[in-house]
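Novice: let's see this in three dimensions:
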Amino acid sequence: MCGIVGVVSQTPVNQLIYDALLLLQHRGQDAAGIVTQEGRKFYMHKAKGMVRDVFRTRNMRSLPGRVGLGQVRYPTAGNAHSEEEAQPFYVNAPFGLVMVHNGNLTNAQALKQELFQTDHRHINTESDSEVLLNVLAHELEKVTRGISLKPSDVFAAVRGVHRRVKGSYAVIALIAGHGLVAFRDPYGIRPLCFGRGDGGLMVASESVTLEGTGFELERDVQPGEALFIDAQGQLHHETCADQVHHHPCIFEYVYLARPDSVLDGISVYQARLNLGKTLAKRVISTVPPSEIDVVIPIPESSRPSAMELAHLLGRPYREGFVKNRYVGRTFIMPGQSVRKKSVRQKLNVIASEFKGRNVLLVDDSIVRGTTSREIVQMARDAGARKVYLASAAPPVRYPNVYGIDMPTPQELVAHGRTLDEVRESIGCDALIYQDVDAMKQTIGSLNPALAGFDASCFDGRYVTGDITPEDIERMNRGRDQSEESEEDTSRLSLPNAQTV
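Specialist: Next up, the predicted model:
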C-alpha cells in the first residue's frame, strides 16, 4: 500500500510533489523519493524515513523541472531494510524511464528469470517494482526500437505489460523527453485517480492528494486503463487490457485510505459509517446494549464506525485513548516485539472513561491481535469492569498477496482459530466481528457499478484467480521470521481460487 503521485505542470513541481507525499504519508513510512525532469535529464533524491526527514532544503533545490514523480514506501516485497529499494526506480533504455509503483506482483520471481534469460535485462534488487519497470521498458523497446514514440506505442507497451504481469499494480512513469504514463492493473485492486489544477495534471493514489494541493478530482483511472500525457501536455487514454474486472481492495475502505478520500466513486468516510451500521446488528445479537456503558474507538480509522455504532445502540460515544501522532502505524511495523512495544508508546488511556464501566472497544480490524491484546489489557488496567471488543471488519483469516503486509498464516490471530479461541487469545469478555457478506454489500451499495471487491484476506478468494498455497509459501520465503515459528503450508486451506 505505497502512496504514489505524478505531476505535469507549467511551474516547478518539487514543492508540489513534496506536499502531495505528506498527504500520502499514511500509506508508507519506510522510505520516500522524488524524481523530476528538466529537459531530458532526471533529478532524483530518495532515502529511508518519513517525508519530512528525507527532504531538506538542499535536496529540494536539486530537483528542478515541471514534471515529476514521488512515492512513499511501505515494503511488502524485497528487502525492507535496503535504501536501494526506495523508489523511484530508473532504467536508461529505451529513452530513459523512471517509475513508481503501488502494489505487489504475484509472479515477480518468474518474471525476473524471464527478463534475465529471454529479455537480457539485469535486475539489481529484490524489489518487484524494478521487475515491473524492466518489463515496461522491454515492451516499449519492442514497439519503438528506441527510435520514436507515439501515444499508440505507449498503449501497446502497457498492453504487453498486462499480458505478462500478474498481481496488483498502480503505476506512474516518466519517459524522458516524451511524457508521463500512468496505468492500473486489469482488476483495479490498488487505487489511482487523476485531476486538473492551474495549468497542470496530477495522478495519485488517493483523491485527498489532489484536493489538498489545489487540484480538482476528475475521475479514477479505470482497471486496465492507461493515461499518457505527452510533451505538449495533451492527455491521451485507452483501455489496454483484454479483459477488465473492477474489484478494488476492500481493505482500503476498512483501514488503509484516509477517510476524506474518495476511491472508485466511494467515500471512505461513508463506507466506514456503513460498516458501523451493519456492525451494530452483530453487537446487539451478542451483547445487550443495556450491558454496555460506553463505546470507545481505538484511534483512528475506527472512529466513523464507532460513532455510528454508538448512535444506533443508544450508548454514549467517548474518546478513551490519546494517540501519540509521532509513532508510526503499528500495523506496518516489522516484527511482533516492535509492534507490541510501540502500542503503549502510541496510545495512552483516559482512565476516567474506563473506571468501573463495561466498555465496548471498536477497532477497524484485527489482524495479528498484538495491538488488540495490549489495548484490552490497558482498558482493564484503567479499571474497566468488562471489556468487549468489536471489529468493523470480518476476521482476517488468509494472507494478502496484493500489497498489504499480512502474508503469513501464523501472523493472523484468526487463522485456524474459532471465535472463542480468538477471544481468549485477545483477552476480552466478548468479541464481535463484522460479517463478510454484510461488509461487501454495505460498501458496494455506495457504487453499484463495481463488479465486486478483492476481500481475499477475509474470504480467501483471490480475484486474479492464480494463487495457490504453494504460491503464498514461495512469496513468504525469505521474509524475516526470527520472532515467528515456521508453519507448514499444509495448514493453509484456501477456498477454490477463481476469478470473480
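
Novice: pull the contacting residues for the residue in the chain sticking out farthest from the centre.
Specialist: Distance from the centre of the chain peaks at residue 356, with 38.8 Å (Cα atoms, centre = their mean). For residue 356, the contact set (Cβ atoms under 8 Å, 6 or more residues apart in numbering) comprises 383-385. C-beta: built from backbone N, CA, C; applies to glycine.

Novice: make TSV out of the residues you listed and add pLDDT and neighbour count.
Specialist: Formatted as TSV, the contacts of residue 356 follow (pLDDT from 0 to 100; neighbours: other Cβ atoms under 10 Å):
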residue	pLDDT	neighbour count
383	97	15
384	98	26
385	98	13
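
Novice: tabulate these (a markdown table), appending secondary structure and distance to residue 436.
Specialist: Below are the contacts of residue 356 laid out as a markdown table (DSSP: H, G, I helix; E, B strand; the rest coil; distance: Cβ to Cβ, whole Å):
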| residue | secondary structure | distance to residue 436 |
| --- | --- | --- |
| 383 | coil | 35 |
| 384 | coil | 29 |
| 385 | coil | 32 |
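
Novice: pLDDT below threshold where in the stretch 251-400 of the chain?
Specialist: Filtered on pLDDT under 70, the stretch 251-400 of the chain yields the residue ranges 326-342.

Novice: ok, then the element right after the lowest-mean-pLDDT helix or strand in the chain?
Specialist: For the chain, using mean pLDDT, DSSP states H and E, the weakest element among its helices and strands is helix 336-346, scoring a mean of 65. Of the helices and strands lying after helix 336-346 in sequence (DSSP states H and E), the nearest is strand 347-349.

Novice: please state the offset of that following strand from the chain centre?
Specialist: Strand 347-349 has its C-alpha centroid displaced from the chain centroid by 26 Å (Cα atoms, centre = their mean, to the nearest Å).

Novice: check stretch 397-406 too.
Specialist: 10 Å.

Novice: just the terminal-to-terminal distance for that stretch.
Specialist: 10 Å (Cα to Cα, to the nearest Å).

Novice: how about that stretch: buried residues?
Specialist: Within stretch 397-406, the residues that qualify as buried are 397-406, counting by 16 or more other Cβ atoms under 10 Å.

Novice: quickly list what the closest residue to residue 252 other than its chain neighbours is bridged to.
Specialist: In this structure, residue 252 finds its nearest non-sequential neighbour in residue 263, 5.7 Å apart by Cβ to Cβ, 6 or more residues apart in numbering. Note on residue 263: beta-bridge partners by DSSP bridges are residue 266.

Novice: hang on, the earlier thing: and which of the contacts of residue 356 is nearest residue 188?
Specialist: Taking Cβ to Cβ as the measure, residue 188 sits nearest to residue 384 out of those, at 42.4 Å.

Novice: ok, the closest one - contacts?
Specialist: 354-359.

Novice: what about the longest helix in the chain?
Specialist: Secondary structure of the chain per DSSP state H: the longest helix is helix 268-286.

Novice: list the helices and strands the helix or strand that that helix is followed by packs on?
Specialist: Using DSSP H and E, the helix or strand that follows helix 268-286 towards the C-terminus is strand 294-297. Applying 3 or more Cβ pairs under 8 Å, 6 or more residues apart in numbering; DSSP states H and E, one finds that strand 294-297 makes contact with helix 303-313, strand 358-363.

Novice: what helices and strands are in contact with the last one?
Specialist: Right, strand 358-363. helix 268-286, strand 294-297, helix 303-313, helix 370-381, strand 386-391.

Novice: let's have the ones you listed in JSON lines, adding mean neighbour count.
Specialist: Formatted as JSON lines, the helices and strands packed on strand 358-363 follow (neighbours: other Cβ atoms under 10 Å):
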{"stretch": "helix 268-286", "mean neighbour count": "20"}
{"stretch": "strand 294-297", "mean neighbour count": "24"}
{"stretch": "helix 303-313", "mean neighbour count": "22"}
{"stretch": "helix 370-381", "mean neighbour count": "21"}
{"stretch": "strand 386-391", "mean neighbour count": "24"}
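
Novice: mind checking those for the one nearest to residue 433?
Specialist: For these, distance to residue 433 was read as Cβ to Cβ. The smallest value, 5.0 Å, belongs to strand 386-391.

Novice: quick one: average confidence on stretch 161-171?
Specialist: Stretch 161-171 shows a mean pLDDT of 97.

Novice: hmm, who's touching the helix or strand harbouring residue 210?
Specialist: Using DSSP H and E, residue 210 falls within helix 207-211. With contact meaning Cβ under 8 Å, 6+ apart, helix 207-211 is reached by 3, 5, 20, 23-24, 193-195, 197, 202, 204, 216-217, 258, 260-263.

Novice: care to break the protein down by domain?
Specialist: Annotated domains of the chain cover 3-244, 267-323+330-457 [automatic domain parsing].

Novice: now the ones you listed as a markdown table including distance to residue 474?
Specialist: Output for the domains of the chain, formatted as a markdown table (distance: least, Cβ to Cβ, whole Å):
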| stretch | distance to residue 474 |
| --- | --- |
| domain 3-244 | 7 |
| domain 267-323+330-457 | 10 |
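
Novice: centre of the chain to stretch 151-165, how far?
Specialist: 24 Å.

Novice: any buried residues in that stretch, and which?
Specialist: By neighbour count on 16+ other Cβ under 10 Å, the buried set for stretch 151-165 is 151, 153-162, 164-165.

Novice: out of those, which is nearest to residue 130?
Specialist: Closest to residue 130, out of all of those and judged by Cβ to Cβ, is residue 165, at 12.9 Å.

Novice: ok, now which ones touch the closest one?
Specialist: Listed by Cβ under 8 Å, 6+ apart, the contact set of residue 165 reads 105, 107, 111, 132, 135, 185.

Novice: neighbours of the last one, how many?
Specialist: This points to residue 185. Each residue near residue 185 was counted by other Cβ atoms under 10 Å, and the total is 25.

Novice: surely it touches residue 162?
Specialist: Yes - Residue 185 lies in contact with residue 162 (Cβ atoms under 8 Å); the separation is 7.5 Å.

Novice: the residue nearest to residue 252 and residue 192 touch, don't they?
Specialist: No - between residue 263 and residue 192 there is no contact under Cβ under 8 Å: 9.4 Å.

Novice: now do the SS call for residue 438.
Specialist: helix (DSSP: H, G, I helix; E, B strand; the rest coil).

Novice: the nearest residue to it once chain neighbours are set aside and residue 434, how far apart?
Specialist: Nearest-residue entry for residue 438: residue 278, 4.3 Å, with adjacent residues in sequence omitted and distances by Cβ to Cβ, 6+ apart. The gap separating residue 278 from residue 434 is 7 Å, by Cβ to Cβ, to the nearest Å.

Novice: again with residue 252
Specialist: Going from residue 252 to residue 434 by Cβ to Cβ gives 16 Å.

Novice: residue contacts, residue 304?
Specialist: By Cβ under 8 Å, 6+ apart, the contact list for residue 304 reads 259, 269, 272-273, 275-276.

Novice: so which of those residues would you say is closest to residue 44?
Specialist: Taking these together and measuring to residue 44 by Cβ to Cβ, the closest member is residue 259, at 32.2 Å.

Novice: surely that closest one touches residue 268?
Specialist: Yes - using Cβ under 8 Å, residue 259 is in contact with residue 268, at 5.1 Å.

Novice: what is the burial count for residue 52?
Specialist: With other Cβ under 10 Å as criterion, residue 52 counts 12.

Novice: where does pLDDT dip in the stretch 401-500 of the chain?
Specialist: For the stretch 401-500 of the chain (pLDDT under 70), the answer is 407, 475-500.
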